[in-house]
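Visitor: Make a model of this:
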Amino acid sequence: MLQELGRLLDENRLTVKTANEIVEDMSLDLASLRNSGAISNDAFLEAGVIQGGISVLANMVATGVDHSEIMVHFSQIRDRAATISTSYSELTDVFS
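Guide: Have a look, this model is predicted:
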């Protein structure tokens, strides 16, 4: 999901609708993984930080924030996802 998001941002084609769809897809994936026992509740909660960060991106796009600021925020999300994946390797596929 972050790869797709990064590609859209690099091309300056991210829309609010697409960002919200990515958030929704991530939410559904995470809930399914937690319900099936594939990830712990702690991993689920940590992943929520990334989901929330993408929601912030959607709001930034909606309010017309400068693209360079959006890219800085995305870089922070990507770095945080890498850190979380170190602790919860089962989330690597969700974030990719």
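Visitor: Tell me the gap between the least confident helix or strand in the chain by mean pLDDT and the middle of its chain.
Guide: Ranked by mean pLDDT, DSSP states H and E, the helix or strand of the chain with the weakest confidence is helix 92-95, at a mean of 92. Relative to its chain's centre, helix 92-95 lies at 10 Å (Cα atoms, centre = their mean, to the nearest Å).
Visitor: all helices of this structure, in order?
Guide: Here the chain has its helices, by DSSP state H, at 2-10, 16-36, 41-62, 67-87, 92-95.
Visitor: Format the ones you listed as JSON lines; extra columns: mean neighbour count.
Guide: From N, CA and C alone the C-beta is placed, and that goes for glycine too. JSON lines is the format used below for those (neighbours: other Cβ atoms under 10 Å):
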{"stretch": "helix 2-10", "mean neighbour count": "15"}
{"stretch": "helix 16-36", "mean neighbour count": "15"}
{"stretch": "helix 41-62", "mean neighbour count": "17"}
{"stretch": "helix 67-87", "mean neighbour count": "15"}
{"stretch": "helix 92-95", "mean neighbour count": "16"}
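Visitor: Distance of V23 relative to I50?
Guide: 10 Å (Cβ to Cβ, to the nearest Å).
Visitor: Output the contacting helices and strands for the least confident helix or strand of the chain.
Guide: helix 16-36, helix 41-62, helix 67-87 (3 or more Cβ pairs under 8 Å, 6 or more residues apart in numbering; DSSP states H and E).
Visitor: want to try CSV for those, with distance to G6 and mean pLDDT as columns?
Guide: Below are those laid out as CSV (distance: least, Cβ to Cβ, whole Å; pLDDT from 0 to 100):
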stretch, distance to G6, mean pLDDT
helix 16-36, 11, 96
helix 41-62, 11, 96
helix 67-87, 7, 96
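Visitor: Distance to D10 for the ones you listed - can I get that in JSON lines?
Guide: Shown next, in JSON lines, are those (distance: least, Cβ to Cβ, whole Å):
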{"stretch": "helix 16-36", "distance to D10": "14"}
{"stretch": "helix 41-62", "distance to D10": "13"}
{"stretch": "helix 67-87", "distance to D10": "9"}
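Visitor: Noted, bye for now.
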